[in-house]
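J.: my questions concern the predicted model and sequence given below.
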Number of protein chains: 2
Amino acid sequence: MANIREIAKIAGVSVATVSRVLNGYPYVKEEKRNAVWEAVEKLNYTKNINAVHLAKGKTSIIGVVLPYVNHPYFSTIVEGISIEALRYGYHLLLFQTNYEEKKEIEALEMLKMKQVDGMIICSRTLGWKFIEAYKEYGPIVLCEDVKGRDLLSVYINHYEAFMLGMEYLIEKGHRKIGYCIGRTTGTNSKDREAAYRDALRKINESPRQEWIFDHCLYIEDGKRVVNELLAMREKPTALLVSSDQVAAGIVLWGQSAGWRIPEDLAILSFDNHPISEALQITTMDLPLSIMGKKAFRMIYHSFQNNETVKAEKLEVRLIERSSV
Amino acid sequence: MANIREIAKIAGVSVATVSRVLNGYPYVKEEKRNAVWEAVEKLNYTKNINAVHLAKGKTSIIGVVLPYVNHPYFSTIVEGISIEALRYGYHLLLFQTNYEEKKEIEALEMLKMKQVDGMIICSRTLGWKFIEAYKEYGPIVLCEDVKGRDLLSVYINHYEAFMLGMEYLIEKGHRKIGYCIGRTTGTNSKDREAAYRDALRKINESPRQEWIFDHCLYIEDGKRVVNELLAMREKPTALLVSSDQVAAGIVLWGQSAGWRIPEDLAILSFDNHPISEALQITTMDLPLSIMGKKAFRMIYHSFQNNETVKAEKLEVRLIERSSV
DNA sequence: GATTGCATTGAAACGCATTTCATACATTAT
DNA sequence: ATAATGTATGAAATGCGTTTCAATGCAATC
């Protein structure tokens, strides 16, 4: 493939002039400009973008770290990031980590190696310290409350959101409440657990381990939850479910086990994914796509080195339907 | 940031030796090797990966072109690609196109510019010719039947799959059959339409335009379909639905309109997404994750320039449940 | 007529790792 | 003892676009 020097030779100008033409800079005579474009045409030339990246010291690529692409929670965030990235001429490099620390570190290393200009971490398992060690190489935004640490953050206050949910259930008369969560580690999960415990404490109920269902991510996990519930002597009367997907699974498999929702089991879930509307599940609307967009913008602003807001909290709201 | 020359200076060796150490090549004395690693440690050095990309002429990045990340059909393919890419040390650059030609071209240009070593096109709107023009810059695999064209392809024969579905519906006694599809253009869609028409012809029914529902992608599109059906004087008795998501929407909103499935409306859909199991929807299992994996492997093989199979057809199978 | 300033343009340096080629020494085979 | 291998190492070329700096040409200002 041709390079800029060949173009220069054919067009009878210097490489600097070719570069000027290619990048639309002024101060090039019309005729030379034309000569360059003609040579470009003739040789079917395209820039080698890796040389550009090297020379400029940046790539216009943002890394996106997430455990699974295939979960609506994450793919909605990515969608948001993607829309905004396109608007500003950025591309997205995907790092699917499966929550393995090694993969997360590899992703961060890509920031240090200048593979990406910035990083959005949708969810992580790696400790703070580790991540902070990389922020000198480029902006990193996390989709969680960083609790005052010096990292960028766009987040939903899951303590508040879960508390809101708990209060709603309690207000509806529930006292025996369980919950389903994707994992028990991670800021978001810890916050939710704290809200759960605090809410129960307020009504003098103590948390019951068997009513806490871990590893609930996908619709089919709802099936497992239903089966476990069926095997229990004492069931909760309500469940807070961290994902509409799982909630849908619980509702559907619960119904096929003969349960009426909410009479036999009330469900309050999170995300406000269209599936919750289809099933009339009461859910907490989480602005995931917006979270993605804001995460991108935060990175983008930090490139313009405007004084950026370090952390931005997004509001949730309860969508009352008929599963509670 | 330090570079390889500084490391060489500090370690008292040449840059070539540093490169050897960094890349684990033999023929370096133990002591020099150690000296290099020490210098690396001391300067907190990391390779500038853009220089590596430039020097090697490749990036170990594969481009993934798709219209929407946020649809289970595509995110499942991406998941498959991602798993396999990770295994072989490749990364994924996402190109969300929204089916805009301009964006698809931009993606292909990235192949020419050597931003990516190869490209997987999950779905496209751009013509063949255009894509073929880029295959000289790297392997391109499409997730559709390329019908003998000289492009790599991993595909599901949607004519057969749709025909299978039609025959199943017909066998169950249906003659008034409609279908829902994501878009009407595109190889896969055209193939499905052909199967639909051919199947109807066999039973001497003529296709009815109002029973063909376009733009059906997400669960909420099912709502629209139900509403349109409710407004019809003569409804079909069965619907072939190209996505489980839409099928789920139809089943759920249909039920809330008082329909019994399959008595009032039979539904046969595609994907075998877990939602179809939860709703007991009869569906055609499409090996989407496998398609992603195979697409990646095809690219990978073409790098090893083994003689590669140019096209691979994947089998589908009907999962009988109770929506027909 | 001299000075200031903008428009044009190219040489060369820069960003940085990889890889080839030549060289030097140490072994092993003949 | 000599040829043939293998080990070890560095200089220099290579991949390629961007950017700085100096220089030249030409028009406007004083």
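T.: Sure, I can see it.
J.: make it CA atoms for all contacts and neighbour counts henceforth
T.: OK.
J.: now do the same contact list for residue A:285.
T.: Taking CA atoms under 8 Å, 6 or more residues apart in numbering or on different chains, we find residue A:285 in contact with A:270, A:271, A:272, A:316, A:317, A:318, A:319.
J.: just the buried ones out of those, please.
T.: A:270, A:271, A:272, A:316, A:317, A:318, A:319 (16 or more other CA atoms under 10 Å in any protein chain shown).
J.: dihedrals phi and psi, the first one?
T.: If I follow you right, that is residue A:270. Main-chain torsions, residue A:270, degrees, to the nearest 10: phi -130, psi 150.
J.: returning to that earlier point: which one of the buried ones among the contacts of residue A:285 is nearest to chain B?
T.: residue A:272 (12.3 Å; CA to the nearest CA).
J.: next up, the contacts around that closest one.
T.: By CA under 8 Å, 6+ apart, residue A:272 lies in contact with A:244, A:283, A:284, A:285, A:286, A:319.
J.: distance between whichever helix or strand residue A:32 is part of and the chain's centre?
T.: Per DSSP states H and E: residue A:32 is located in helix A:30-43. Put simply, helix A:30-43 sits 44 Å off its chain's centre (CA atoms, centre = their mean, to the nearest Å).
J.: is DNA strand D contacted by it?
T.: No. Using CA under 7 Å from any atom of the strand, helix A:30-43 never reaches DNA strand D; the gap is at least 10.2 Å.
J.: quick one, the helix or strand just after that helix and helix B:49-56 angle?
T.: Counting by DSSP H and E, the next helix or strand C-terminal to helix A:30-43 is helix A:49-56. Relative orientation of helix A:49-56 and helix B:49-56, computed by axes from the mean of the first three to the mean of the last three CA atoms, to 10 degrees: 140 degrees.
J.: I'd like the mean pLDDT over helix A:49-56, please.
T.: Here helix A:49-56 scores 95 as its mean pLDDT.
J.: can you give the contact residues for it?
T.: By CA under 8 Å, 6+ apart, the list of residues contacting helix A:49-56 reads A:59, B:50, B:51, B:53, B:54, B:113, B:114, B:115.
J.: now the fifth one: how far from residue B:118?
T.: Which is residue B:54. According to CA to CA, to the nearest Å, residue B:54 stands 16 Å off from residue B:118.
J.: higher neighbour count, these two?
T.: Neighbour count, other CA atoms under 10 Å in any protein chain shown: between residue B:54 and residue B:118, residue B:118 has more, with 29 against 19.
J.: give the contact list for that one.
T.: Residue B:118 neighbours (CA under 8 Å, 6+ apart): B:61, B:62, B:63, B:111, B:138, B:139, B:140, B:299.
J.: before we move on, back to that, from the contacts of residue A:272, which is closest to DNA strand D?
T.: Lowest distance from DNA strand D to the contacts of residue A:272 (CA to the nearest atom of the strand) belongs to residue A:286, with 40.1 Å.
J.: now do the contacts for the closest one.
T.: Contacts of residue A:286 by CA under 8 Å, 6+ apart are A:156, A:270, A:271, A:272, A:315, A:316, A:317.
J.: so residue A:223 sits in a helix?
T.: Yes. Membership of residue A:223 in a helix is supported by DSSP: H, G, I helix; E, B strand; the rest coil.
J.: neighbours around it, how many?
T.: 21.
J.: coming back round to it: among the contacts of residue A:285, name the ones in strands.
T.: Mapping those onto strands (DSSP state E) picks out A:270, A:271, A:317, A:318, A:319.
J.: let's have the residues you listed in JSON lines, adding distance to DNA strand C and pLDDT.
T.: Shown next, in JSON lines, are those (distance: CA to the nearest atom of the strand, whole Å; pLDDT from 0 to 100):
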{"residue": "A:270", "distance to DNA strand C": "45", "pLDDT": "96"}
{"residue": "A:271", "distance to DNA strand C": "43", "pLDDT": "96"}
{"residue": "A:317", "distance to DNA strand C": "47", "pLDDT": "95"}
{"residue": "A:318", "distance to DNA strand C": "50", "pLDDT": "96"}
{"residue": "A:319", "distance to DNA strand C": "52", "pLDDT": "96"}
